[in-house]
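Asker: Predicted model, plus sequence, below.
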Amino acid sequence: MIELDLEKSLFGPEGRMKLTVSCQINEGELVGLYGPSGAGKSSVLRMISGLMKPDAGTLRVSGESWFDREQGVNLKPQKRNMGMVFQEYSLFPNMTVRENLEFALEKGQDPGIVSEMLERVGLEKLEAKKPMVLSGGQKQRVALARAMVRKPGILLLDEPLSALDMKMRGRLQEYIVQFHKDYALTTLLVSHDASEIRRMAERILVLENGQFSFDGEPSQFFGH
């Protein structure tokens, strides 16, 4: 379970904005984060991942404290049991596909997981290629496989498919949902696409004016 109670001062489209978010996300849920541009959705993921330090509050995952301002706790990103996929892929251009995945391995981890993940995303024949020769969909599959190399408990997805065409988005949505189920992940998906949220998420958190304004099933929010 993710227990989130965090505050962060941000600069939004209309100037300074205070982000105050509080919720519980159950183990195994696939939750969509939805809301207008600049609402702070990506910032929520970045605080969970450790890439952004909250101003105040607490973050506990499966009973372990990842952040506690008063207690001085702030786990480094590499100490947090999570994987993250961004819209812009964030692959190392000078490394091959396989090397990009190998870079994510923990010390002493069985390297066989790299071959397993490449096979899962259908890129084993491209493992010696570098990102510059891959299509957008192939790059995003590499990014997804790399995020899964450590077999994280939590998968954070920040607009991972918005740069892809509709056909490729559909395929990648299926990959993500299958990873979520097969590896019993807790997954948080940021997306501006209502149809994507409805197709993938079982729960939606709507972020408006720095707070969660809705928490429930996508069908309840978007209507039938």
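Answerer: That came in fine, so what should we check first?

Asker: so for stretch 38-49, what's the average pLDDT?
Answerer: Per-residue pLDDT over stretch 38-49 has a mean of 91.

Asker: Give me the contact list for that stretch.
Answerer: Stretch 38-49 has contacts (C-beta atoms under 8 Å, 6 or more residues apart in numbering) with 2, 4, 6, 8, 10, 12-14, 17, 19, 21, 33-35, 52-54, 59, 66-67, 77, 80, 82, 84, 154, 156, 158-159, 188, 190, 207-210. C-beta here means a position set from N, CA and C on the backbone, and glycine is covered the same way.

Asker: Point me to the residue sitting closest to the centre of the protein.
Answerer: Relative to the mean C-alpha position of the chain, the nearest C-alpha, by C-alpha atoms, centre = their mean, is the one of Leu156, at 1.4 Å.

Asker: That one against Met84, yeah?
Answerer: Yes. With contacts counted by C-beta atoms under 8 Å, Leu156 reaches Met84, the gap being 4.3 Å.

Asker: returning to that earlier point: give me the distance between the residue nearest to the centre of the chain and Ser115.
Answerer: Per C-beta to C-beta, to the nearest Å, Leu156 is found 24 Å from Ser115.

Asker: Need the single longest helix in the chain, by residues.
Answerer: helix 166-182 (DSSP state H).

Asker: Which secondary structure elements does it sit against?
Answerer: Under the contact definition 3 or more C-beta pairs under 8 Å, 6 or more residues apart in numbering; DSSP states H and E, helix 166-182 sits against helix 136-148, strand 154-158, strand 186-190, helix 194-200.

Asker: Many thanks, we can stop here.
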